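> this is the structure alone, sequence omitted:
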């Protein structure tokens with residue numbers, strides 16, 4: 001149901017509106033907005049967001065625009081969440097958000113089920129965000145395949161969902177930032193082995209391989225141990241190369 005309201009901790013909430021009405025509402029809204037929630041607004045362009053220079057929190061579900069340039073002017077943003085931005089390739093505009101503390105970029109759940117990913121050129125612009133603490137990347141991949149470019153985000157805390165990257169990429173980040181504690185296995189609380197009833201373990205870092213991602217913790221203990229051992233070997237290799245430079 002279409003709605004314009006305040007609430008849920010936001011100064012303005014626009015949900016399920018026709019594009020023209022959504023745009024008109026934003027054009028008429030106070031420039032002093034500090035939080036904005038756009039849920040299936042139908043907007044194709046987001047230049048209007050440049051009006052809200054005092055914005056500190058922004059949530060957008062469905063960003064069909066080809067770039068994130070309108071966000072570059074929102075210098076006070078602390079929290080940013082964008083769900084479904086399939087046409088964006090360049091994250092460079094986010095590097096100008098020097099106060100950003102929380103960032104979530106996510107694909108649709110249906111995309112994850114079908115193996116689709118949001119594809120950015122690189123995550124490197126996020127590495128310049130010194131205040132960034134919480135990062136969530138769901139269904140995200142990068143053309144350069146690198147995670148270690150995030151190591152320079154000095155305030156960053158441990159985050160998950162690195163499964164769109166290779167084991168070597170995860171190891172490279174871990175070698176630089178062991179405090180982030182990247183994981184390469186995840187045990188499901190619900191999925192069980194049809195043979196023995198044991199818990200299912202998901203192996204991270206298999207992007208680009210044909211190896212089976214889900215294994216039984218008990219039936220496939222050796223394969224899981226080998227995966228973890230390979231991860232540790234890759235970390236040791238990265239550290240050795242750094243010391244020899």
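That came in fine, so what should we check first? In this text the structure is predicted, and so the values were computed from the model without any measurement. Numbers count the residues shown, from 1 in each chain.
> buried sites along the longest strand along the chain?
Of all the elements of type strand in the chain, the one with the most residues (DSSP state E) is strand 185-192. By neighbour count, with 16 or more other Cβ atoms under 10 Å as the criterion, the buried positions of strand 185-192 are residue 185. C-beta here means a position set from N, CA and C on the backbone, and glycine is covered the same way.
> now for it, which elements pack on it?
Taking 3 or more Cβ pairs under 8 Å, 6 or more residues apart in numbering; DSSP states H and E as the contact definition, the neighbouring helices and strands of strand 185-192 are strand 199-203, helix 221-244.
> and the contacts of the first one?
With Cβ atoms under 8 Å, 6 or more residues apart in numbering as the test, strand 199-203 has contacts from 163, 184-189, 191-193, 211-217, 220, 224, 227.
> can you give me the domain boundaries for the protein?
For the chain, the structural domains run 3-161, 184-245, going by automatic domain parsing.
> which of the ones you listed sits closest to residue 174?
domain 184-245 (5.3 Å; Cβ to Cβ).
> off-centre distance for the closest one?
Here the centre of domain 184-245 is set off from its chain's centre by 22 Å, with Cα atoms, centre = their mean, to the nearest Å.
> for it, measure first residue to last.
The separation between the terminal residues of domain 184-245, taken as Cα to Cα, to the nearest Å, is 27 Å.
> what pLDDT, on average, does it get?
The average of the pLDDT scores along domain 184-245 is 91.
> so for residue 29, what's the nearest residue that isn't a sequence neighbour?
Closest residue in space to residue 29, ignoring its immediate chain neighbours: residue 12 at 5.9 Å, by Cβ to Cβ, 6 or more residues apart in numbering.
> center of the protein - which residue?
Note on the chain: the residue nearest the mean C-alpha position is residue 137, at 1.7 Å, using Cα atoms, centre = their mean.
> what segments of the chain are strands?
In order along the chain, the chain carries the following strands (DSSP E): 3-7, 10-15, 35-39, 57-61, 79-83, 102-106, 118-120, 134-138, 140-142, 185-192, 199-203, 214-216.
> which one of those strands lies closest to residue 231?
Between residue 231 and the strands of the chain, the tightest spacing by Cβ to Cβ is seen for strand 185-192, at 8.8 Å.
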